[in-house]
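Asker: sequence and predicted structure, then a few things I'm wondering about:
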Amino acid sequence: RAIAALPTRRALRVLEVGAGTGSLTKAVLPSLPREQTEYVFTDVGPAFLAAAKTQFAEYSGVDYKLLDLEKDPVAQGYTPGSFDLILATDALHATCDLRQTLTHLRTCLAPGGLLMFLEVLTSRHAWNSIFGLLKGWWRYTDTTLRTNSPLLDRNTWHSLLADCGYENVSSFGGYINDDESEQAVF
């Protein structure tokens, strides 16, 4: 649908943030028309970019760039309003301030653009036990929003996205019984 709404002969401009090992990229790239897609694979670390260049070498429309979601993307060389689709998988919760991160992403989004991301939800207390040993798990600073974990529940994500100016917010989980979903796509 995102491609169908584009003006004739204009490429779909995709920004993947926190792309890491490329698991989402690997699933998404083959489904996009190569001749009509400009894909920017980003991460905060250059090691991920180097590995991705090798992994996705067969795709000519992919660019590999650094992007720190906690800093202004314009100051990092990104043009405001330049992406039709922004994708992320389990990357947003790893930032210090979610409101700031969502504002930065909104800066990159073209009018009528779509932010689509997957996040782990707070449905399991075990996440803190498992990932709580990692230094980055506790680095969040927006403690009025995230009180006991870097993760949010689905309703809080919906409210936060709306508060940050995103429209038509929706989500879905992986189970028929929504209370069982440990992750959701927004």
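Answerer: Now that the structure is in, tell me what you want to look at.
Asker: need the next SSE after the worst-scoring helix or strand of the chain on mean pLDDT, C-terminal direction.
Answerer: Lowest by mean pLDDT, DSSP states H and E among the helices and strands of the chain is helix 126-131, with a mean of 75. Using DSSP states H and E, the helix or strand that follows helix 126-131 in sequence is helix 154-163.
Asker: sorry, back to before: need the contact partners of the least confident helix or strand of the chain.
Answerer: 120, 137, 148-149, 151 (C-beta atoms under 8 Å, 6 or more residues apart in numbering). Where C-beta positions appear, they are placed from N, C-alpha and C, glycine not excepted.
Asker: redo that, cut-off 6 Å
Answerer: Contacts with helix 126-131, where a contact means C-beta atoms under 6 Å, 6 or more residues apart in numbering, come from 137, 149.
Asker: and stretch 60-79, by the same measure?
Answerer: 17, 37-42, 44, 49, 52-53, 56, 80, 95-96, 101, 104, 107-108.
Asker: of those residues, grab the buried ones for PyMOL.
Answerer: Here is the PyMOL command that picks out the buried ones among the contacts of stretch 60-79, judged by 16 or more other C-beta atoms under 10 Å:
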select buried, resi 17+37+38+39+40+41+42+44+49+52+56+95+101+104+107+108
